[in-house]
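Asks: Just need the structure, nothing else, for what follows:
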Amino acid sequence: MEITEQLTPFLNFSRQQWAELRKSVPLKLTEQDLKPLLGFNEELSLDEVSTIYLPLARLINYYIDENLRRQTVLNRFLGGQSPKVPYIISIAGSVAVGKSTSARILQSLLTHWPTERKVDLITTDGFLYPLEKLKEDDLLQKKGFPISYDTAKLIRFLADIKSGKPSVKSPIYSHLTYDIVPDKFDIVDQPDILILEGLNVLQTGSNKANQTFVSDFVDFSIYVDADENLLKEWYIKRFLKFRQSAFTNPDSYFKHYANLSEQEAIETASNIWDNINGLNLKQNILPTRERANLILRKGENHEVELVKLRK
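Replies: Predicted coordinates:
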């Protein structure tokens with residue numbers, strides 16, 4: 001296999017080259033299985049799953065097998081049995097890039113491969129500060145920026161997971177109310193694999209001595225990438241669909257957008273992108289891309305055109 005750009009920490013694979021690495025792994029997902037995994041504004045084919053996600057799942061399973069062997073060696077060295085330590089996969093990338101869809105597809109594939117595995121999926125949205133605090137601290141226009149997250153709480157959660165603790169609580173976020181759901185939690189109970197999906201999971205923040213980062217607890221990191229012009233286009237299309245569906249719910253935080261004309265909605269979404277999401281992408285998210293173990297570069301129609309794997 002010819003590898004280009006030798007002076008890089010990544011191996012580059014075209015779509016076809018990456019697809020060949022699936023080998024003979026069968027696809028167990030059906031069209032019916034795939035539909036509930038897709039994001040609100042995405043149409044992803046089974047071909048995309050076979051071409052991109054099956055080779056990725058195959059690679060991750062090799063890494064997990066190696067990780068289990070290292071745990072066995074460590075247990076032998078320590079003379080005892082340490083707690084079960086989940087393998088943590090993080091998925092980062094911009095708003096509207098399709099992180100959630102990638103996470104759900106990967107969860108589905110890894111759950112049944114090669115034997116049954118318990119795979120939990122948590123988004124970092126649950127670790128945003130509550131809406132009231134964001135308002136008090138004048139951070140509503142920075143929602144999604146690193147400063148809007150209770151990072152210390154997220155790190156404590158991951159530390160508990162990596163310590164093998166049972167029944168660790170993760171806060172639940174509602175996109176309908178745009179806020180944390182009070183007194184409700186997802187329970188992560190010693191899974192084999194935890195997938196952590198969020199905008200800033202590759203962040204390192206400031207360079208304070210002895211500072212702990214989310215990425216310190218991650219075994220394998222993925223960055224879902226696309227040109228900003230595509231991201232903005234996908235965001236606006238998603239906004240227009242929400243305007244006709246979720247925004248019409250009287251309990252929706254964004255119900256005031258439901259009455260916008262199509263042109264007003266396009267202008268509103270464009271402004272939100274330029275002043276919040278696009279700004280966050282350029283300032284905080286995109287600079288972390290090269291820290292990932294694997295980059296999925298998307299083109300039109302959310303199809304992955306290039307895969308970059310860290311050497």
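Asks: Strands of the stretch 151-300 of the chain, start to end?
Replies: 168-174, 179-188, 193-197, 220-225, 294-298 (DSSP state E, counting those that start in this stretch).
Asks: mind listing the helices for the stretch 201-311 of the chain?
Replies: Using DSSP state H, counting those that start in this stretch, the helices of the stretch 201-311 of the chain run over residues 228-243, 262-272, 278-280.
Asks: How about the stretch 1-150 of the chain?
Replies: Ranges of helices in the stretch 1-150 of the chain, per DSSP H, counting those that start in this stretch, are 15-20, 31-34, 46-48, 54-78, 99-111, 131-136.
Asks: Now do the buried residues in the fourth one.
Replies: If I follow you right, that is helix 54-78. Residues of helix 54-78 classed as buried by neighbour count (16 or more other CB atoms under 10 Å): 54-61, 64. Backbone N, C-alpha and C define where each C-beta goes, glycine included.
Asks: any idea how far that helix is from the chain center?
Replies: 22 Å (CA atoms, centre = their mean, to the nearest Å).
Asks: between that helix and strand 220-225, how many degrees?
Replies: Comparing the axes of helix 54-78 and strand 220-225 via axes from the mean of the first three to the mean of the last three CA atoms, to 10 degrees yields an angle of 160 degrees.
Asks: average pLDDT across helix 54-78?
Replies: The average pLDDT within helix 54-78 is 90.
Asks: list the helices and strands that helix packs on?
Replies: On a contact count with 3 or more CB pairs under 8 Å, 6 or more residues apart in numbering; DSSP states H and E, helix 54-78 meets strand 87-93, helix 99-111, strand 220-225.
Asks: Would you mind pulling up the elements that the first one packs against?
Replies: Contact here means 3+ CB pairs under 8 Å, 6+ apart; on that basis strand 87-93 packs against helix 54-78, helix 99-111, helix 151-162, strand 193-197, strand 220-225.
Asks: How far does the shortest one sit from its chain's centre?
Replies: This means strand 193-197. 8 Å.
Asks: That strand: partners in the sheet, and parallel or antiparallel?
Replies: Strand 193-197 pairs in its sheet with strand 87-93 (parallel), strand 119-123 (parallel), by DSSP bridges.
Asks: what's the most buried one of these?
Replies: Of all the strands paired with strand 193-197, strand 87-93 has the most neighbours on average by mean count of other CB atoms under 10 Å, namely a mean of 27.
Asks: Restricting to C-alpha, output that one in PDB.
Replies: Provided in PDB are the C-alpha atoms of strand 87-93 (Å, rounded to 0.1, in the frame of the first residue of the first chain):
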ATOM      1  CA  TYR A  87     -11.700   0.600  27.300                       C
ATOM      2  CA  ILE A  88     -12.600   4.200  26.600                       C
ATOM      3  CA  ILE A  89     -13.100   5.500  23.100                       C
ATOM      4  CA  SER A  90     -13.600   9.200  22.500                       C
ATOM      5  CA  ILE A  91     -15.300  10.800  19.500                       C
ATOM      6  CA  ALA A  92     -14.700  14.500  18.900                       C
ATOM      7  CA  GLY A  93     -15.600  17.000  16.200                       C
END
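Asks: Right, I'll leave it there.
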